[in-house]
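Visitor: sharing a model that was predicted from the sequence below.
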Amino acid sequence: MASVSSVSSRSRRPWLRWTLSAFLFLVAAAALGIVGGAWWIRHDMFATLPRLDGTLHIPGLAAPALVRRDQHGVPHIQAASIDDLVFAQGYVTAQDRLWQMDMARRLAAGDAAQVLGSSLVAHDKLERTLLLLPTAQRIAASMSPAEQRYFADYARGVNAYIAQHRGNLPTPFRVLMYKPEPWTSVDSILIGLSMVQMLDEHWPDKLARQQITAKIGPALASALYPTGSWRDHPPVSDQPPISAPDQIIPQIPLDPSQTAARLTRPLAHTRFSRAASADLARLRAIDGQPACRGCTSGSNEWVVSGAHTASGKPMLSNDMHLEMQLPGIWYEADLEAPGFHAAGVTVPGMPFIIAGHNSHIAWGFTALYADTQDLYIEHLNRRGTAYHDASGWHRLTLRHERIPVRGGPSVPLTIRITNHGPILNPVLPHTRETLSLRWTAYDASANHLPLFALDTACDWASFRAALAEWWAPTLNVVYADDQGNIGYQAIGYVPYRPGGLAGVPIADAQHEWQGMIPFNKLPESFNPPEGLLATANARVTPTDDPMPLTLEWADPYRNQRIWRVLSGRNGLTPADMLALQNDVYSALDQLVAQRLVYAIDHADHPSKRLRRAANIMRTWNGEVTTDSSAAAIVDAERSVFWRMLLEPKLRARWTLYSWAESQYAEEQLLVNQPAGWLPRRYRNWNDFLAAVVTEGLRKKHAPADLTHWQFGSWHVVEVEHPLWGMLPWFHNWTGVGPLPLSGDTSTVKHVSRSFGPSQRFTIDFGNPNAATENIVIGQSGDPLSPWYSDQWPFWYHGTTFTLPYGEAEVSAATTHALHLVP
C-alpha cells in the first residue's frame, strides 16, 4: 500500500507544479497588466497636459489674446474684445476641465447612461422627467441677442480646444472610450440649470413631509418643521441686541405665523403609504443624499462698512458651502477686455465671472432657499390622456424619448405634461396620486442670464438693474463698492401665492400662482446704520412680511455667530475675516452638551461611563476642535438622536425626514421636551437622552477612557475623484484625506466628510488688488498637473492667498504666458 501511495503521489506532482506555475504566471501577468495599465494612464495624463507657454494658432479668434497663469494656475486672460475674451475663456477652461464639463452636461441632460452604463438609467430618467434639456433649449432660444452671442462665443472656444485635441483628449475620455460632442449654448445653460436644481429643489421634502405627517399627524409633525427661529437676524429689519447671552433659551413656541405651515386640504385625505415612501427613498438615492444631516447647500457672506475696518473702506467676505468635488465646482479666472475687467470664480462650462469683483464693486452669494416649486395633485381621465382644472378638460402634452444605454438597449420614456409642468409618476411609480411639478424654471419669462451685466456693474443702481433680470437660483447677495457703500439684495423669481405657501402637494385652485413677487418687493438693504450686513441661509424676512418666501430656511447658528462676532467691532482686517470663516464655535453643540449633562445628572442609575461623559461636557466651551473630547461625545449623541427619536413612530421610514432647520428642531425638542415625542420605552426625557448618549458612544466605538477620545479621530474630510477614486491603486494618489476635520454643520466653518466651503473670498477696498480667494483642491482636473491639488493645504489649514488683479500684481505673479492668435 505504501508503494502504491508513493507512486500515486509522484504521478500527481507534475499537475500540481503545472497548476502552481500557471497560477503564478497569471498573478505575474495581472501584476504586469496593472503596472502597465497604471504606467499607460500616467503617461497618457502627461501627454494631455495643456500648453501653457508660447504661441497657439486658434481658428475663430478675431485678434490675439494673452493667457498668463499665476503660481496657482489661475488664468489671467486679456483680449481685444468681449467676444474674444469669452472665446478664450471657453478654450482655457476646456484645457483644465473638459471631462468635468462634459459629464456635467450629460448628467443634467439625462445622457449619463450613454457613457457610464445602465446604473445611471434611473438618474437619467429623473433628469429627463424634470425637463432640464427642453428648458435649456427654450432659454437658449429666447435669451437676448447679446447673451446668445456671448454664450455662442464661449461654445466656440470650447469647440476649438476639442477640435485641436481630437487625438489627444484628456485621459478619462480614452479610459471610457468615447469622444465629446461639440459644445453648445444649451450645454452651458444645462450646467446652470443643474445648479438651480441643487439650490432650489424643494419638492422631495414636500413629498416626505406629506408622508411623515400622514403617518404621525400634524400636531407631532409640526415639531419637525420649524420655519424661522428666535436666533434669526434678518438683514432687513431691526432685531434685539445680538449680545443677548446664549443661555437665555425661550421656553415657549415661536410665533405661529412663523412656525405653522399652511397645510393644504389633500393632506387630511392622504394615507401613509409604504410603497410611496419607498419611492421617495429610491428617489433620494438617485438624486443624491446630502453629505450629512445638516449639510444643506448654502454659504456664508458678510460685508462691513469702512467705519468698522482698519482701512476705512468696505470689506466683503464670502464662502459658499457645497459638496466638495474633484475637480472642484469652481474655476478661478481673471478676465479683461476693453470696458471689462472682473475676477473671481466661474462655473466650468459657463461664461463670465459668477461671484467676485471688478474694478468698482464686489459681491458674494448665499442660497436664499425661496420656495420656487409646488407639487399639484392632478385629475386625469381614465385613459390618462387628459387632465382637468378649473377651466375644464385639457389634453396632456406628451414627450417620447429614449435613454441611450452603454452596452444595452435604449430605454423608452414618455413624459406627460400639464399646464403646471411634468407629471412625476415615472420616477414615483408607487405613488397613488398623479403629481405634477410647477417650477419657476418652466416660466416663459425665465429667459435671462445677466452675467455680463453683473460683471460690468459699477454702482448700486447698475448692480440692482442687472440682478432684476436674475431668475434663478434664488440667492442672497451682499455688495460693496469703491465709494464706500454696502448693500444686500435677495434675488430670483419667487412665485406670488395669495393662498399661502404649501409644504405638501396641492389639490385646490386656491394655491395657484399669480405671477412672481416683484423685484422691488424682495428683501434689500443699503448702507444700514450699523454698518454690517450678513446672511448664512437663515431667515431674511421680518415676521410680518406680507409676501413670505419659503417655509424652509436654514438653521440660524452660523448667521447668529457671524453677527455676534462682527457687531460693534472696529479696525477689522482681512485676517479677522479669514478667522471668522474658520470659526468652529457651536452654540447648538454647547447647548446640547448642557442638556445632556443635566439629563445624565438626573437620569435613573446612569453608568460610570455616562457620568464621566457628563463631566467632560460640563465645562466645555463649545469649540468644535479636532482634539476635543466633549465635541466627540456631543457629535456621537447627535449622530443617533434622530433615529432613536423617529424610529419608534416611523419605523424604517424615519430616514425620510429632511429639513433645512432640522438642527433647530433638535434644539427645540431638547429644550421643550414634549411628552408626545418621548419614546414609550423611557420614563422621561432624562433617561431617553442618557440612552442616546450611550448608543452614540457605542456606534462611534468610543474608547474606555473618554478623555483620550478626540473629535478628529473619526470626524474627517475626504474628497475622491469620481473616476480615479474607483481604482484602488489611484485612489490615494488622486484624492485627499481622510484627515481630521474641525467644525461641523452648526459652525461658521460649515463642514462634514465631503462637504464644506467650496471657496473663500475676501476683498478690502482699501487695497482691492490684494483680494484673496482660494478653492478647495486646485484648478486642474488632471492629477499630474501641478495645479491639481496645490490649493488643498490652504483650504485644510484655513489659510489663503492673493488672487492677482492689477497689472503690476499679475505681471509679478506670472509663471506662464500663452499667446492665442487667429
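Guide: Received, thanks. Numbering: from 1, shown residues only.
Visitor: walk me through the domains of the chain.
Guide: 27-231+259-583+715-822, 587-714 (automatic domain parsing).
Visitor: would a markdown table of the ones you listed with mean pLDDT and mean neighbour count be doable?
Guide: Glycine gets a C-beta too; all of them are placed from N, C-alpha and C. Output for the domains of the chain, formatted as a markdown table (pLDDT from 0 to 100; neighbours: other C-beta atoms under 10 Å):
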| stretch | mean pLDDT | mean neighbour count |
| --- | --- | --- |
| domain 27-231+259-583+715-822 | 92 | 20 |
| domain 587-714 | 97 | 19 |
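Visitor: report the beta-bridge partners for Thr366.
Guide: Beta bridges link Thr366 to Asn476 when assigned by DSSP bridges.
Visitor: I figured it hits Val303, correct?
Guide: No. Between Thr366 and Val303 there is no contact under C-beta atoms under 8 Å: 11.9 Å.
Visitor: and the residue nearest to Arg680 when sequence neighbours are not counted, how far from Ser662?
Guide: Leaving aside its chain neighbours, Arg680 sits nearest to Pro648 (6.8 Å; criterion: C-beta to C-beta, 6 or more residues apart in numbering). Here Pro648 is placed at a distance of 18 Å from Ser662 (C-beta to C-beta, to the nearest Å).
Visitor: and if you look at Ile775?
Guide: With C-beta to C-beta as the criterion, Ile775 and Ser662 are 28 Å apart.
Visitor: ditto for Ala603
Guide: Distance, Ala603 to Ser662, using C-beta to C-beta: 25 Å.
Visitor: same check on Ala386?
Guide: 40 Å.
Visitor: same check on Ala285?
Guide: 19 Å.
Visitor: same check, this time on Glu323
Guide: Using C-beta to C-beta, Glu323 is found at 18 Å from Ser662.
Visitor: residues contacting Gly54?
Guide: Leu818, His819 (C-beta atoms under 8 Å, 6 or more residues apart in numbering).
Visitor: would you list the phi and psi of it?
Guide: Main-chain torsions, Gly54, degrees, to the nearest 10: phi 90, psi -150.
Visitor: doesn't Asp459 make contact with Asp481?
Guide: Yes. Between Asp481 and Asp459 there is a contact at 6.2 Å, judged by C-beta under 8 Å.
Visitor: find residues that contact each of these two.
Guide: Contacts common to Asp481 and Asp459, judged by C-beta under 8 Å, 6+ apart, are His360, Ile361.
Visitor: what about Arg432, which SS state?
Guide: coil (DSSP: H, G, I helix; E, B strand; the rest coil).
Visitor: against Ala122, how distant is it?
Guide: 21 Å.
Visitor: in the stretch 451-600 of the chain, which spans are strands?
Guide: All strands of the stretch 451-600 of the chain, identified by DSSP state E, counting those that start in this stretch, fall at 475-481, 486-491, 524-526, 532-535.
Visitor: of all those, which one is nearest Ser758?
Guide: The minimum distance between Ser758 and the strands of the stretch 451-600 of the chain falls on strand 475-481, with 14.5 Å, by C-beta to C-beta.
Visitor: dump that closest one to PDB, keeping only the CA atoms.
Guide: Provided in PDB are the C-alpha atoms of strand 475-481 (Å, rounded to 0.1, in the frame of the first residue of the first chain):
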ATOM      1  CA  LEU A 475     -29.900  83.900  -3.700                       C
ATOM      2  CA  ASN A 476     -28.900  86.400  -1.100                       C
ATOM      3  CA  VAL A 477     -26.300  88.900  -2.400                       C
ATOM      4  CA  VAL A 478     -24.100  91.200  -0.400                       C
ATOM      5  CA  TYR A 479     -22.400  94.200  -2.100                       C
ATOM      6  CA  ALA A 480     -19.500  96.600  -1.500                       C
ATOM      7  CA  ASP A 481     -18.100  99.300  -3.800                       C
END
